[in-house]
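1. Fold the following, please.
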Amino acid sequence: MNYIKRNIEDQVRMGARDFKAVLVTGARQTGKSTLLRHAFPDRKVVTFDDPFLEAQANENPNMFMALNPPPVTFDEVQHVPGLFRYIKMECDSRDSYGCYCLSGSQPFRLMQSVSESLSGRVSIIELAPLSLREITGDGFNHPFLPTMEHIIARQTSVVKPENIWQIVHRGGYPELYQNPELDWQQFFASYVKTYLERDVRDLSAVQDLDAFRRFMIAAAARTGQMVNYANIADEVGKDAGTIRNWISILEASGIVYLLEPYTPAVLKRAIKTPKLYFRDTGLACYLTRWLTPDTLALGAMAGSIFETFVVSEILKSYSNSGVDYRYCVSYYRGKDKLKRKTDGRTVETEAEIDLIIEENGVLHPVEIKKNTHETASATAAFQILDRIEDKNRGQGAVISLHPEPGLLRDNVLEIPAWYI
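-> Got it, this is the predicted structure:
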């Protein structure tokens, strides 16, 4: 298989240069093991998917560490949480850096082990599925901002895909691109089965896997929406507390992301419920049975899936360049009423901003639309940010399927999705 270069490789090498250990985490099948093999091709690799090696590390860790001295890569380390204390002792006994490269799924459980044993000694790197930049071979590796400066910088390397809906539908798991003949439905059927039987049972005492599968389908149908635990509970036949716990499992294993609302004190009418986004649009399409790119593009979920894709691409642009997006992205929805003209009629709607990106005290509002062209009225809610006295509203944008970037009105751009 051909290796697709990952934009996060430089961050991995920098982590090995500056820390005793590097941990690459993320959902299953995002390419963690492959990334480390290409970033450090001369290292010995020990994988704990091998039950013999897992047993050896758990039962006799001292001997195991002696037989596998650094520099070494330990793969699927979530299977051997007890080994972290021994990795810590080895790191403390050495002056060299980059002694251990670690990879594993189940980010929540890994973070528990790391915080207990390797705090201050490890560089933690989150690997997402392939970004559109990686799929099209675009090496541009700066975080997205809806500014003219970003557009000018992107123009030097941006690649417009032939059919954006094919990529949105296929998703970003590397195996689907390294092996183009791989059947899309078969891949995701296997992915869901493996996830349910391994990660879900490891992370929580979920006994009713059929109910959890129905829950995943219900959650996927709500990607891009505010989380309503009671609504999902009614559909699945479980209580709201169980649904809240199950969503935390999806989040802990890298399947979904909860986008927090922007709720400064001055915006007293802001809604404080997070929005749920699937990390991979291909998985969301599979679970909701949009089986072809064409039916997706014309279907009822096209808008929410496109929004999910755009938000995911923006998050990847930050994590791949070493920036923690959790501190700089949010959304706004409030009970303030906005008047808009639609088909010649004036209608009142709740004020909503799909995404707010904050940089150095400047708030950049973003609206996401699947249309090929939008009007300036779609950005009416942006002015709400002007009420925040200690922040400035910067340049904003509508991200759409318009063929070229342009100016919608003063301080608001229209940006094609492939310019992210």
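2. Output stretch 191-207 as PDB, nothing but the C-alphas.
-> Extracted C-alpha coordinates of stretch 191-207, given in PDB (Å, rounded to 0.1, in the frame of the first residue of the first chain):
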ATOM      1  CA  TYR A 191     -15.100  -1.100  11.900                       C
ATOM      2  CA  VAL A 192     -18.400  -0.900  13.900                       C
ATOM      3  CA  LYS A 193     -18.300  -4.600  14.800                       C
ATOM      4  CA  THR A 194     -14.700  -4.300  16.100                       C
ATOM      5  CA  TYR A 195     -15.400  -1.000  17.900                       C
ATOM      6  CA  LEU A 196     -18.400  -2.500  19.700                       C
ATOM      7  CA  GLU A 197     -16.800  -5.800  20.600                       C
ATOM      8  CA  ARG A 198     -13.500  -4.300  21.800                       C
ATOM      9  CA  ASP A 199     -13.500  -0.600  22.700                       C
ATOM     10  CA  VAL A 200     -17.000  -0.400  24.100                       C
ATOM     11  CA  ARG A 201     -16.700  -3.400  26.300                       C
ATOM     12  CA  ASP A 202     -13.300  -2.200  27.500                       C
ATOM     13  CA  LEU A 203     -14.400   1.300  28.300                       C
ATOM     14  CA  SER A 204     -17.700   0.500  30.000                       C
ATOM     15  CA  ALA A 205     -19.800  -2.400  31.200                       C
ATOM     16  CA  VAL A 206     -22.100  -2.200  28.300                       C
ATOM     17  CA  GLN A 207     -23.900  -5.600  28.000                       C
END
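3. Average pLDDT for it, rounded please.
-> For stretch 191-207, mean pLDDT is 79.
4. Give me the buried positions along it.
-> Neighbour counts using 16 or more other CB atoms under 10 Å place Y191, V192, Y195, L196, D199, V200, L203, V206 of stretch 191-207 among the buried residues. Glycine gets a C-beta too; all of them are placed from N, C-alpha and C.
5. Please apply the same query to stretch 43-62.
-> R43, V46, F48, L53, E54, Q56, A57, P61.
6. Which of the residues you listed fall in strands?
-> Per DSSP state E, strands hold the following members of the buried residues of stretch 43-62: V46.
7. Take the buried residues of stretch 43-62 and keep only those in helices.
-> Judged by DSSP state H, these include L53, E54, Q56, A57, P61 as members of helices.
8. which other helices and strands contact the helix of greatest length in the chain?
-> In the chain, with assignment by DSSP H, the single longest helix is helix 302-319. Counting contacts by 3 or more CB pairs under 8 Å, 6 or more residues apart in numbering; DSSP states H and E, helix 302-319 packs against helix 132-135, helix 164-170, strand 256-259, strand 275-278, helix 281-287, strand 329-342, strand 345-359, strand 362-368.
9. what distance separates it from the middle of the whole chain?
-> Distance, stretch centre to chain centre, for helix 302-319: 8 Å (CA atoms, centre = their mean, to the nearest Å).
10. And that helix, what's buried?
-> Judged by neighbour count using 16+ other CB under 10 Å, the buried positions of helix 302-319 are 302, 304-319.
11. And for stretch 127-138?
-> Buried residues in stretch 127-138, counted by 16+ other CB under 10 Å: L127, A128, P129, L130, S131, L132, R133, E134, I135, D138.
12. ok, now stretch 244-253?
-> Residues W246, I247, I249, L250, E251, A252, S253 are the ones in stretch 244-253 that count as buried (16+ other CB under 10 Å).
13. quick one: contacts for the fourth one?
-> So that's L250. Applying CB atoms under 8 Å, 6 or more residues apart in numbering, one finds that L250 lies in contact with M216, A219, V256.
14. can you list the residues you listed in JSON lines and add neighbour count and pLDDT?
-> Formatted as JSON lines, the contacts of L250 follow (neighbours: other CB atoms under 10 Å; pLDDT from 0 to 100):
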{"residue": "M216", "neighbour count": "24", "pLDDT": "96"}
{"residue": "A219", "neighbour count": "25", "pLDDT": "98"}
{"residue": "V256", "neighbour count": "27", "pLDDT": "96"}
